[in-house]
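Peer 1: I would like to see how this sequence folds:
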Amino acid sequence: MSKISVLGAGTWGTALAIELANKGQEVTLWSAPEVAREIEALREDRKNIRNLPGAVLPDSVILTTDLAYACDDEEIIVCAVASPFVRSTAAKIKQYCHEGQIIVNVSKGIEEKTLLTMTQIIAEEIPGAKVAVLSGPSHAEEVSRGIPTAVVVGAEDTEIAKTVQEAFFSDMFRVYTSDDVLGIELGGSLKNVIALAAGMVDGLGYGDNTKAALMTRGIAEISRLGVTMGGRETTFYGLSGIGDLIVTCTSNHSRNHNAGYLIGQGMSYEDAMKEVGQVVEGVNCAKAALALGTKYGVSLPIVEEINDVLFHGESVRDSLMDLLRRNPTEEYHKN
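Peer 2: Numbers count the residues shown, from 1 in each chain. Have a look, this model is predicted:
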């Protein structure tokens, strides 16, 4: 049994707390005091979980808003706050972390100002921590109900990856390991931008052909950028790449797809995010993804068009036509 704290009582953090507790781990679930309603609601009824219908939080999970208590003497800390709050949360927990403590990031995003991934932010804020990432096609709604799921955990130190793998692995939650931390994070983050585009395609009323083409060319963009930045090509065709892309582009559980669908039907991204009612990571990541393409000299036409739609007033239909009218080229460029 391991002592594990999950920071963030949103849908993903709560789902992981359920998964870990059902495996028999000693789990503490923390929520920031300013959004303590999640914790209070769970204390009242462990079946009444917002956005996780049918899930039950085991009685063994300790609920708290005390950050010092949540981090004290834990073997593993899971950072499950939304990506815009990863840096501030890491800065707050630094004083409570001990040397060599394992911190597992499960948030997906790229910081717009610095272009850093979430594990890079955590490592910067807490230099003594052993940082890992867990990612893959894993909707919280399904993980919380024990539906079979496979993910990948990445850490530069293979022993850290194996420790996290052992902590999470169960009959219904299969965990693979990798040392390509950067590739895993880029795949998990950039697919959210492509999922917005997939939702827009559905919102316009186009068919499966269109979405399949978009997803295929989307993973081509993700892998081009990721390999240029130092990730491994095979990572982008694995669970945290094409696997996560498929589930996020095709599922009604996907916040990014659902927001894109509303935008495709004519809604602004601000109104679409309000309608979805949760953080839409693709909107937060779109500018950072475009900036990374510029920094590394990589062409990202889908990402560029999504930025034009979100932030420059271009219509979704015109944006799609811009992509279709690009000059003909080879599918893969010869080396």
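Peer 1: can you tell me which residue is nearest the centre of the protein?
Peer 2: The centre of the chain sits closest to residue 108, judged by C-alpha atoms, centre = their mean, with a distance of 3.0 Å.
Peer 1: Now do the contacts for the closest residue to it other than its chain neighbours.
Peer 2: Once flanking residues are discounted, residue 108 sits nearest to residue 188: 4.3 Å by C-beta to C-beta, 6 or more residues apart in numbering. C-beta: built from backbone N, CA, C; applies to glycine. Residues near residue 188 by C-beta atoms under 8 Å, 6 or more residues apart in numbering: 108, 133, 135, 136, 240, 244.
Peer 1: need the next SSE after the lengthiest helix in the chain, C-terminal direction.
Peer 2: Within the chain, and with DSSP state H defining each element, the longest helix by residue count is helix 181-204. As assigned by DSSP states H and E, the chain's next helix or strand after helix 181-204 is helix 208-229.
Peer 1: quick check: angle from that next one to helix 181-204?
Peer 2: 160 degrees (axes from the mean of the first three to the mean of the last three C-alpha atoms, to 10 degrees).
Peer 1: Which parts of the stretch 1-150 of the chain are strands?
Peer 2: For the stretch 1-150 of the chain, the strands defined by DSSP state E, counting those that start in this stretch cover 3-7, 26-30, 62-64, 76-79, 102-105, 130-135, 149-154.
Peer 1: Export those as a markdown table, with columns for mean pLDDT, distance to residue 199 and mean neighbour count.
Peer 2: As requested, the strands of the stretch 1-150 of the chain are exported to a markdown table (pLDDT from 0 to 100; distance: least, C-beta to C-beta, whole Å; neighbours: other C-beta atoms under 10 Å):
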| stretch | mean pLDDT | distance to residue 199 | mean neighbour count |
| --- | --- | --- | --- |
| strand 3-7 | 96 | 28 | 25 |
| strand 26-30 | 96 | 30 | 24 |
| strand 62-64 | 95 | 34 | 17 |
| strand 76-79 | 98 | 27 | 26 |
| strand 102-105 | 98 | 25 | 26 |
| strand 130-135 | 98 | 20 | 26 |
| strand 149-154 | 98 | 22 | 24 |
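Peer 1: Name the nearest residue to residue 26, ignoring sequence neighbours.
Peer 2: Per C-beta to C-beta, 6+ apart, closest to residue 26 is residue 3, 4.8 Å.
Peer 1: Let me see the contact set for that neighbour.
Peer 2: Residue 3 is in contact with 25, 26, 28, 73, 74, 75, 76, counting by C-beta under 8 Å, 6+ apart.
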